[in-house]
Each structure stands twice: as C-alpha cells, then as structure tokens.
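>>> pasting the sequence and the predicted model now:
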Amino acid sequence: MRIYMDHAATTPLRPDVLEAMEPYLTEAYGNASSFHAEGQRARHALDEARATTARVLGAEPAEIVFTSGGSEANTMALVGAALARRGGGDRVVVSSVEHPSVLESAQFLARLGFRVTELPVDRAGQVDPEVLAAAMREGAVLVSVQVANNEVGTLQPVEELCRLAHEAGALFHTDAVQAVGLLPVDVNRIGCDLLSLSAHKFQGPKGVGALYVRKGLELERLVHGGGQERSRRAGTENVAAIVGLARALELAAAAREGHTRRLEALRDRLVRGILGRVEGARLTGHPSRRLPGLASFVFEGGVEGESLLVRLDMDGVAASSGSACTSGSLEPSHVLLACGFPADLARSALRLSLGPPNTEAEVERVVEVVTRAVERLRRARAAETA
C-alpha cells in the first residue's frame, strides 16, 4: 500500500467535485458566451461558481477572475498590475521566498525596465515588517508576499505587510495558493488588492485557478482576443473546471476547522517522530506559524534529497524535496538558501505534506521509512569516501 504525502504539490480530486463537474463535461457543453439555451446553461453555472468563490473569500462576484491556475493568477497580478500603474512608479517589491511564478514575473518586469527588490527573510522564512517598512521608503507600485510558503510552510504576517504597503501607496498582492482550503482566507481581513488561488490544492481539478481583483483596480490584459472575464482574460471559459473549483472550495471551507485540527495533530506527530528518530534532522520553516499539514526537514551528514526521494518512492512513500515546479532541478532550494541554510544542507531537503487520506498509522510508517532511508544513504556515502 503506497502512502501519498505530497499534498502541497497536488491533491486527489474529490468524488463529489467530479460529480458536480460531469454534466459540463458531457451534455451541458455550451459556450458560456453563446446566446442560445445551451450557452445560457453554461453561463448560469459560471455565474453560480463565481458567486460561490466570492462568498468563501469575502469578495464580490465581479471581483473574481478565473484563470488556468495559480501560476497564471500570480503572473496576471504582478505583470498586469505593474504595467497598469507604470505611470505612478517603476518599483516592485517581492519576498525572496515566493513561488517561481512570482519571482520570474518580477524578473520579467525587470527586463521591461522596472526596479525589483527582493525582501530578505529570517531563518524561519518570515518577512520582518520593519524590513518592508524600510524598503517602502523608496516607494513602489506593488508589493507581493505569499500567505504561506510552499516549501517550508511558514506563514507570513500578511495583514501587517499589506497595511505597510498601502501606507506607502502601493498595491498588495498575496499568493494564497497553499493556504486556501486550509486556513481562513478573507480578502477583507487581509486587506489585499489581489489574491491568487489554485483549485487542485484543495481537492479540485487541475488547470483552473482564480485571481481576486479588488473592485475598481485596473489590470493590463495579458491574454487578448475576447471579452471573457469582464474583458480581463480572453478565452472560452473552462466551465466544468470552474464548477469543480467552486464546489471544492465550498466543501473545503465547510470542513476546514476539523480538517485543520486533524492535520496539525498528524503533522506534529510526524515532526516529533523524525526529529526524535533521525540524528542530525532539522525542521525547516517556522516552528509554530506554519501550514497545518506541512513538515519539512534537512538532514546533516551528506544526504542528497533526490536520492532520499528515490528510496522513499521505492519503499512506497510519495514525497518531494520542495516545489513541484522546480523538481528535477539540481540547484538547491532558493527558499532554504534565503533562510540561510548552506547549499549542501539545502540539497538534503525533504517535504512531507499531509492530506485528508493520511492516518496516524501512515505517519508512523513514514517515520520508519525515512529513518531507514537516511541511515542507508549515510552508510553508502561513508563507504564511498572511505
């Protein structure tokens, strides 16, 4: 029996979400922009999904733009907002531990002539509000800091960071892809102008996400050729996927409190087990202000993260070393480097992310498998260097 502990990469689609999507994959295939009855049925489903998504986030339906996923939402937020406000400044501020879709969008803006500032983080991966306040003395058109980190799970003080950005006259975007479905995310409580989410992180379908855009905010369009999404994103809407996003979000919000407590208990058991059994194991990220289902580690003693993942996979455990979007890269995690870990230790990273199917017995099994795998890799390395 295999054990899946890579829910930060993606989650299994809920059967009741698939059931909600099925009519729009089969008989209700109309184009939501068409005038006829088939098209209007699709339009109605799209409107309902938009209203549900907005209600869960504390937004208005007109403030929701559906996208192809979190990466597109992040790109639309950074590039679209910065280009629309270019007349008011040319500086964009991001944290150094953002997802590649944010960092690479910022670098794209730099090639267009924007100045980009990457905020440092502390050992736990948190942005110090005083560091942002100091950075804002030079002004900026946009600040982007995530709600929760996808590799180490650290939560950022986004409400305070948002307030500081606004006091300096900048827009505030937050990547909430890892948080939505697990934490109470309300756009008005955060105060943000833009917020990104992705359905497959909370048991919805892949290939669909959303960007919250505060009413009245102008964005430069990145996809041209149609008036869909209130002329903010051209292209025929993927109605089935959008219906799935809304249903998954609604179900995740309804079950969130109990689900979160259960994940926290499993996560803490996992952390205690690995730190207690594996000599030289270190927890990465914040010790308490972290995602409820995410535990991340580095291992001393020359353990290579990719070799560790292979051994875990052979023993029936699906895990990752960090972001799925950078898997296969030989470079150490930019998040761990930003947290101050040396490159050799950063290369030993292991991320275990829990989800609804996981049990206490699976946690105990994973602790056993990780302990054995790390010991084998250390013995093999010692033999090579003897």
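Okay, I see it.
>>> can I get stretch 47-59 in PDB, CA atoms only?
C-alpha atoms of stretch 47-59 as PDB (Å, rounded to 0.1, in the frame of the first residue of the first chain):
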ATOM      1  CA  ASP A  47     -22.200  32.700 -12.600                       C
ATOM      2  CA  GLU A  48     -23.000  30.400  -9.700                       C
ATOM      3  CA  ALA A  49     -19.400  29.300  -9.400                       C
ATOM      4  CA  ARG A  50     -18.200  32.900  -9.400                       C
ATOM      5  CA  ALA A  51     -20.700  33.800  -6.600                       C
ATOM      6  CA  THR A  52     -19.600  30.800  -4.500                       C
ATOM      7  CA  THR A  53     -15.900  31.500  -4.900                       C
ATOM      8  CA  ALA A  54     -16.500  35.200  -4.000                       C
ATOM      9  CA  ARG A  55     -18.600  34.300  -0.900                       C
ATOM     10  CA  VAL A  56     -15.900  32.000   0.500                       C
ATOM     11  CA  LEU A  57     -13.300  34.700   0.100                       C
ATOM     12  CA  GLY A  58     -15.400  37.500   1.400                       C
ATOM     13  CA  ALA A  59     -15.400  39.200  -2.100                       C
END
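>>> what's the average pLDDT for it?
Stretch 47-59 comes out with an average pLDDT of 98.
>>> repeat for stretch 353-364
On average, stretch 353-364 scores 97.
>>> which residues does that stretch contact?
For stretch 353-364, contacts defined as C-beta atoms under 8 Å, 6 or more residues apart in numbering pick out 3-9, 11-12, 203, 259, 263, 266-267, 269-270, 273, 291, 293-295, 320. Glycine gets a C-beta too; all of them are placed from N, C-alpha and C.
>>> show the end-to-end separation of that stretch, please.
14 Å (C-alpha to C-alpha, to the nearest Å).
>>> in helices only, show me the contacts of stretch 353-364.
259, 263, 266-267, 269-270, 273 (DSSP state H).
>>> and which of those residues is nearest to Ala383?
Using C-beta to C-beta, the shortest approach to Ala383 within the ones in helices among the contacts of stretch 353-364 belongs to Gly273, at 27.1 Å.
>>> any idea how far the closest one is from Arg267?
Computed as C-beta to C-beta, to the nearest Å, the Gly273 to Arg267 distance reads 11 Å.
>>> now Gly39
46 Å.
>>> so between these two, which is more surrounded?
Arg267 (22 against 15; other C-beta atoms under 10 Å).
>>> rewinding a little: just the buried ones from the contacts of stretch 353-364?
3-9, 11, 203, 259, 263, 266-267, 269-270, 273, 291, 293-295, 320 (16 or more other C-beta atoms under 10 Å).
>>> now the strands for the stretch 1-150 of the chain?
3-4, 64-67, 91-95, 115-119, 142-144 (DSSP state E, counting those that start in this stretch).
>>> among these, which is nearest Val177?
strand 64-67 (11.4 Å).
>>> and the closest one, which strands flank it?
Its sheet considered, strand 64-67 pairs with strand 209-213 (antiparallel) by DSSP bridges.
>>> so how far is the partner strand off the chain centroid?
Relative to its parent chain, strand 209-213 has a centroid offset of 13 Å by C-alpha atoms, centre = their mean, to the nearest Å.
>>> thank you, goodbye.
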